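In: What shape does this take:
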Amino acid sequence: MEEGNRLGGGTEAAGEEGEPEAKKRRLLCVEFASVASCDAAVAQCYLAENDWEMERALNSYFEPPVEESALESRPETTSEPETYVDLTNEETTDSTSSKVNPSENAQQEDGSMFSFITWNIDGLDLNNLQERARGVCSYLTLYNPDVIFLQEVIPPYYSYLKKRASNYEIITGHEEGYFTAIMLKKSRVKLKNQEVIPFPSTNMMRNLLCVNVSVSGNELCLMTSHLESTRGHAKERMNQLKIVLKKMQEAPESATVIFAGDTNLRDQEVTKCGGLPNNILDIWEFLGKPKHCQYTWDTQMNSNLGITATCKLRFDRIFFRAAAEEGHIIPRSLDLLGLEKLDCGRFPSDHWGLLCNLDVIL
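Out: Numbering: from 1, shown residues only. Okay, here's the model as predicted:
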């Protein structure tokens, strides 16, 4: 929805009321709705409850201070993004926020380590998209992971990745609108088969993308998804989580199963679903809940959305089910990516990426 149209509607309505204060409140509703991606009625409700103070109303809507608040990241539109976006084939930038550990690179080369990145790259935000895409690719080049899980990919971004990351095989959940993708390093990961499992009641084009691969003699089932967004779609999101967990449990016992993606989950939603099954763990929790990589959606640190409210959520999660013969692949470390602003003054995405390293017992 274009801001100009919304402003026009608000001004006309205010004029009908004939009150300057009413006009001011209409404009506040428009501004609130624009930031929160909600309708005018919701905006008016929150503003009225907070004495028409914008910051208080937004804080109330997003519920930020609580460590695990019921807050949504920006809702996604189901319409196709603009198709004129051109991501030209330019050299990647060197903008990074972490340093390479040479010993880890050596371990990866000799097969004793397996690494992957999961990242919602925010392809629906067309602002500075070219530079942000180059920024993402600089991290992929730097860390050279075996597998990359991506969410919010759009067709121009997909085309750019195919050119810039030719050493990866890319499998997508869709090829229209916006979608997920799994990238497999050709020199290390052998693709066996792939499957896309629809979420039957999604309103946001969401599904579960699965690939079966082999790495250093280990059988892996890799999955990614972008679960339903926003607080108002918690029920659908929990239903989708149940589908994910069921699929993880149905995988062959000989396989190590890894799900990594933008879950949009709040802890209480996982609890309402009965928690994770005994044989499936949350890697962040398994590693001792390290504070440095807890929040992957943090509007205090990440200014891309321009939200003044402080919102910290662990939307991006990694679930792990070990193979029946345990000990072949063991999670070792987890770190955030994309913490440094690019030359355009923005971050590669409104989400931080996650880099996960696992030990492979040969």
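In: Quick check: mean pLDDT of stretch 190-210?
Out: Stretch 190-210 carries an average pLDDT of 96.
In: which parts of it are buried?
Out: 197, 199, 202, 204-210 (16 or more other Cβ atoms under 10 Å). For glycine as for every other residue, the C-beta is placed from the backbone atoms N, C-alpha and C.
In: Can you give me the end-to-end span of it?
Out: This stretch, stretch 190-210, spans 14 Å end to end (Cα to Cα, to the nearest Å).
In: which residues of the stretch 251-362 of the chain fall in helices?
Out: Assigned by DSSP state H, counting those that start in this stretch, the helices in the stretch 251-362 of the chain fall at 267-272, 283-286.
In: ranking the ones you listed by burial, who's on top?
Out: Across these, the average number of neighbours (mean count of other Cβ atoms under 10 Å) peaks for helix 283-286, which reaches a mean of 16.
In: could you say what helices and strands that helix packs with?
Out: Contacting helix 283-286 under the criterion 3 or more Cβ pairs under 8 Å, 6 or more residues apart in numbering; DSSP states H and E are the following elements: strand 316-321, strand 329-337.
In: Which stretches in this structure count as strands?
Out: 113-120, 147-153, 168-172, 179-185, 189-198, 207-215, 218-225, 256-262, 281-282, 297-298, 312-313, 316-321, 329-337, 353-360 (DSSP state E).
In: Near Met301, how many other residues are there?
Out: Neighbours of Met301 under the rule other Cβ atoms under 10 Å: 13.
In: Nearest spatial neighbour of it, chain-adjacent residues omitted?
Out: Leaving out its chain neighbours, the residue that sits closest to Met301 by Cβ to Cβ, 6 or more residues apart in numbering is Leu339, at 7.4 Å.
In: So which residue is smack in the middle of the protein?
Out: Residue closest to the average C-alpha location in the chain (Cα atoms, centre = their mean): Asn120, at 3.1 Å.
In: re the thing from before, now for the buried residues of stretch 190-210: which two are most distant?
Out: Greatest spatial distance among the buried residues of stretch 190-210 (Cβ to Cβ): Met204 and Cys210, at 19.0 Å.
In: Stretch 269-284: end-to-end distance?
Out: 17 Å.
In: Not counting its own residues, what contacts it?
Out: Residues from elsewhere that reach stretch 269-284, judged by Cβ atoms under 8 Å, 6 or more residues apart in numbering: 234, 237-238, 241-242, 245, 248-249, 257, 290, 293-294, 314, 317-322, 331, 334, 356.
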